[in-house]
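1. just the structure for this:
(2 chains)
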Number of protein chains: 2
Amino acid sequence: MRAQWIARRHGQPNVTQMHHARRGSVTEEMAHVAAREKLDPELVRQEVARGRMVIPANLKHPELEPIAIGIAATCKINANIGNSAVTSDVDEELRKLSVCLRHGADTVMDLSTGGDIPLIRENILRHSPIPVGTVPIYECLAHVKDVVDLTPRGLLEIIEAQAAQGVDYMTIHAGVLRDIVPMAAGRITGIVSRGGALLARWMAANGQENPLYTHFDEICEIFKRYDVTFSLGDGLRPGCLADASDEAQFAELKVLGELTRKAWAHDVQVMVEGPGHVPLDQIPMNMQKERELCDEAPFYVLGPLVTDIAPGYDHITSAIGAAVAAQHGASMLCYVTPAEHLGLPDAEDVRQGIVAYKIAAHAADVARQRPGARDRDDALSRARYAFDWKRQFELSLDPDAARTKHDATLPQEAAKSAEFCSMCGPKFCSMRIHSHLGDGAAPGAALPCADAAPSQPTRAGGPLPIAR
Amino acid sequence: MRAQWIARRHGQPNVTQMHHARRGSVTEEMAHVAAREKLDPELVRQEVARGRMVIPANLKHPELEPIAIGIAATCKINANIGNSAVTSDVDEELRKLSVCLRHGADTVMDLSTGGDIPLIRENILRHSPIPVGTVPIYECLAHVKDVVDLTPRGLLEIIEAQAAQGVDYMTIHAGVLRDIVPMAAGRITGIVSRGGALLARWMAANGQENPLYTHFDEICEIFKRYDVTFSLGDGLRPGCLADASDEAQFAELKVLGELTRKAWAHDVQVMVEGPGHVPLDQIPMNMQKERELCDEAPFYVLGPLVTDIAPGYDHITSAIGAAVAAQHGASMLCYVTPAEHLGLPDAEDVRQGIVAYKIAAHAADVARQRPGARDRDDALSRARYAFDWKRQFELSLDPDAARTKHDATLPQEAAKSAEFCSMCGPKFCSMRIHSHLGDGAAPGAALPCADAAPSQPTRAGGPLPIAR
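-> As a prediction, this is how the structure comes out:
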């Protein structure tokens, strides 16, 4: 589909969506996302021109079905894939990509750090209909013995090579400046961004400013030729509640605001990355601050986690923060899995992370009263009241999980049309009692009661009220 | 412990904490919860006298270690246990109770609906150091063939019997009035409270007002002799986002406010139950409304779920709402398990539900800046930065889950003192890089990099970066 759209754009000095938008053109990508989002294409053009919406869509990624990220669009979620230093199995990465696509990730980041990084990325790009992001410093470091040996030229070469391959957005930690790093000295967890920590070390060892900052214009020149969207990395994001909203975090955010305007001067699209770990009450202020300092560039946050005390459940601690962040203005949420802080996530962790974030993003869409956001909730609720179990499963974010949980106690096909589930059983179901009230008929037999806060824990598979 | 405190109170006409508080006495229970909450005992007395805090503590429950529920105290969570109509195994219920205690439920509700209900309750009470709640209409219905056969006298007798046994709080759906029920007619999911649906049916069949409303003063007379706390049930709570904040819900809430004041006139303690299913943006308004209509009586909410589209994950959809509800004033959260809407929860569902709700309650305590609320977060974060894995596990809400997830990829004992986990491996750990930065030493060998949004999914147990 997209190959035709972009055929005539090759070789133009500036191919970005923002460039076209500012010249008054509604590109095919803008029309496409407008249809997906049920927005006026002209509104999309205005938002892209204004920088309040991005359409990460590299000219060299014809397989892409473009999406919009911005406050006027529905909230998006990102999932991370990529190999580790000693595994580089292309098939395994493609399998992970398919898990992400199946469960509804809106973008993926390929965070591969070893093996044939370009080959893996090539395969992911050629099979991905969703935008692909990277952190180029990963590949850069594979070419040197120590981070301190990195050169600005080496960085730019890798960035250009990734852009030429079709990467739609790149995390660039250009805001980690020499003057700001010392502000993180008093923190409990210091620098928790790997890019931030590496750049801090590079600057300390070389006695020079962050090369991604000093060569920012050159990066913009590359990005405008391919339409790579910046994801300005927050290398000094807080790694625990105590470190949230501190001087280092906001000093860096201010720099990211300056860089946003600099990129926009090149008509290059920008997202800004955000935390991390933030107490619930500070989240709205954090969203507000980003809007002010970064001129409303779309905010792409990692959670945030609202407590540090639940390792093993950080998809939940962070989904709470993510929902509130998105309600208050974040445009994309980077997922966190149950394995966060403890180890490498497996496929089930990825699924849990994606579903938790689909929930958070959707809850925010409903809360922001985005048009039609509640339609699916209402349809599922109608199916629930009508005891249409199959329809409920179909409308669920994770139909397999819903069906499996239901069938754990009521596997029979007949139960799919039953006016109850095993939670209350036929005589205890409030919806059954009430729906029969409506037509004046009394539910058959006795109603030995039930109520209030539901959920009576009982061993699944044990005897059930409906067994007789 | 408590047996001595209450010995001299037996036979007094009014033994409630509120009664004592209003007469200026700081009871042993008040002193106990003040110590637990690190509050001034006089403040506790004032809050209890004012009705803004309850200490559910039946005189006949000497096994109790009292807790405080109210805005001045930390947020509490409830877990539901109880048998179903055809299972009545006392040992199984005690096993569930121990799961609740182990994972940190602050109260339990015994929602048993069949078998020897009083025997099960007796066993739970005699083994429970935390407050026990019930929904008396369940047992009432076990004595009649059909709900329509219930008599006000029968209801009062069961309520009195449960009070005499030691139940600390009871859900009483006295706000479901004949005039209000029709307001729910246009809803998508009608009446989803089992008590609400049953009472609606009773009123329709008998042509009379809700007996719990007409006999409310008599219930107060019983409650004041044992100090049973009201949990005024929201029989007309919304069962989906579309039905939230509607006329029926708030009309009932207004009645619950009247009943709160009526109970307070008897010096009887009151909590008010709340929804349910509420869009994220309506939650603060719902909390505000309860405070206004019910004179700040502690609000005890069921979630609320912030979306209807994720059956199988409703511990997450509701933990998001619960955290925000508690941040905005709810004092106790009734848990929801992953089995909600689909079937009976098993032991693992109970664990998942409790942990999700501990997270929500704690996030709210931090957000409300309750004194010392963040101490555990900070301690865990310090352990994290120090790579003290064992301490991290100890400080976790669910140490077993954290340890299991960590050990899935790094089971060796040596890994417990390693300066990395399998997520990034030794060369990729930002905390390791940064902590070594501090003392000027470079981390050994090359730093092939890493960064940004972490979590690279990889099959657990597969080859790891640290393997060589």
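2. strands along chain A, start to end?
-> Taking DSSP state E to define them, one finds strands in chain A at A:53-54, A:69-70, A:76-81, A:107-110, A:132-134, A:169-172, A:229-232, A:270-274, A:299-302, A:332-334.
3. so which elements touch the last one?
-> With contacts defined as 3 or more CB pairs under 8 Å, 6 or more residues apart in numbering or on different chains; DSSP states H and E, the secondary structure elements packing on strand A:332-334 are strand A:76-81, strand A:299-302, helix A:314-327, helix A:347-367. (Each C-beta comes from the backbone N, C-alpha and C, glycine too.)
4. so is the shortest one next to chain B?
-> Going back to what we said before, that points to strand A:299-302. Yes: among the residues of strand A:299-302, A:L302 lie within reach of chain B under CB under 8 Å from any CB of the partner chain.
5. thinking again about what came up before, in JSON lines, list the strands of chain A along with mean neighbour count and mean pLDDT.
-> Below are those laid out as JSON lines (neighbours: other CB atoms under 10 Å in any protein chain shown; pLDDT from 0 to 100):
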{"stretch": "strand A:53-54", "mean neighbour count": "30", "mean pLDDT": "98"}
{"stretch": "strand A:69-70", "mean neighbour count": "26", "mean pLDDT": "98"}
{"stretch": "strand A:76-81", "mean neighbour count": "26", "mean pLDDT": "96"}
{"stretch": "strand A:107-110", "mean neighbour count": "26", "mean pLDDT": "97"}
{"stretch": "strand A:132-134", "mean neighbour count": "27", "mean pLDDT": "98"}
{"stretch": "strand A:169-172", "mean neighbour count": "28", "mean pLDDT": "98"}
{"stretch": "strand A:229-232", "mean neighbour count": "29", "mean pLDDT": "98"}
{"stretch": "strand A:270-274", "mean neighbour count": "27", "mean pLDDT": "98"}
{"stretch": "strand A:299-302", "mean neighbour count": "28", "mean pLDDT": "98"}
{"stretch": "strand A:332-334", "mean neighbour count": "29", "mean pLDDT": "98"}
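6. using CSV, lay out those strands together with distance to B:T337.
-> Formatted as CSV, the strands of chain A follow (distance: least, CB to CB, whole Å):
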stretch, distance to B:T337
strand A:53-54, 39
strand A:69-70, 34
strand A:76-81, 24
strand A:107-110, 31
strand A:132-134, 35
strand A:169-172, 37
strand A:229-232, 37
strand A:270-274, 32
strand A:299-302, 28
strand A:332-334, 24
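7. how about those strands, which one is nearest A:V15?
-> strand A:229-232 (12.3 Å; CB to CB).
8. tell me, how many residues neighbour the residue of the stretch 1-150 of chain A found nearest chain B?
-> When scored by CB to the nearest CB, the stretch 1-150 of chain A has A:L141 as its residue closest to chain B, at 3.1 Å. Per other CB atoms under 10 Å in any protein chain shown, the neighbour tally for A:L141 reads 27.
9. try A:P118
-> Per other CB under 10 Å, the neighbour tally for A:P118 reads 15.
10. who's in contact with it?
-> A:139, A:161, A:165 (CB atoms under 8 Å, 6 or more residues apart in numbering or on different chains).
11. quick check, pLDDT for it.
-> At A:P118, the pLDDT value in this model is 95.
12. circling back: closest to A:G11 out of the strands of chain A?
-> In terms of CB to CB, the element of the strands of chain A nearest to A:G11 is strand A:229-232, at 20.4 Å.
13. need the contact partners of the closest one.
-> A:54, A:56, A:133, A:168-175, A:219, A:223, A:256, A:259-260, A:263, A:268-273, A:300, B:452.
14. give the pairing partners of that strand; include direction for each.
-> Here strand A:229-232 is paired, per DSSP bridges, with strand A:169-172 (parallel), strand A:270-274 (parallel).
15. got JSON lines for these, with distance to B:S417 too?
-> What follows is the strands paired with strand A:229-232, written out as JSON lines (distance: least, CB to CB, whole Å):
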{"stretch": "strand A:169-172", "distance to B:S417": "32"}
{"stretch": "strand A:270-274", "distance to B:S417": "32"}
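16. for the strands of chain A, which one sits closest to B:Y385?
-> Of these, the one closest to B:Y385 (CB to CB) turns out to be strand A:299-302, at 18.1 Å.
17. partner strands of the closest one and their direction?
-> Counting by DSSP bridges, strand A:299-302 is paired with strand A:270-274 (parallel), strand A:332-334 (parallel).
18. cool, thanks, talk later.
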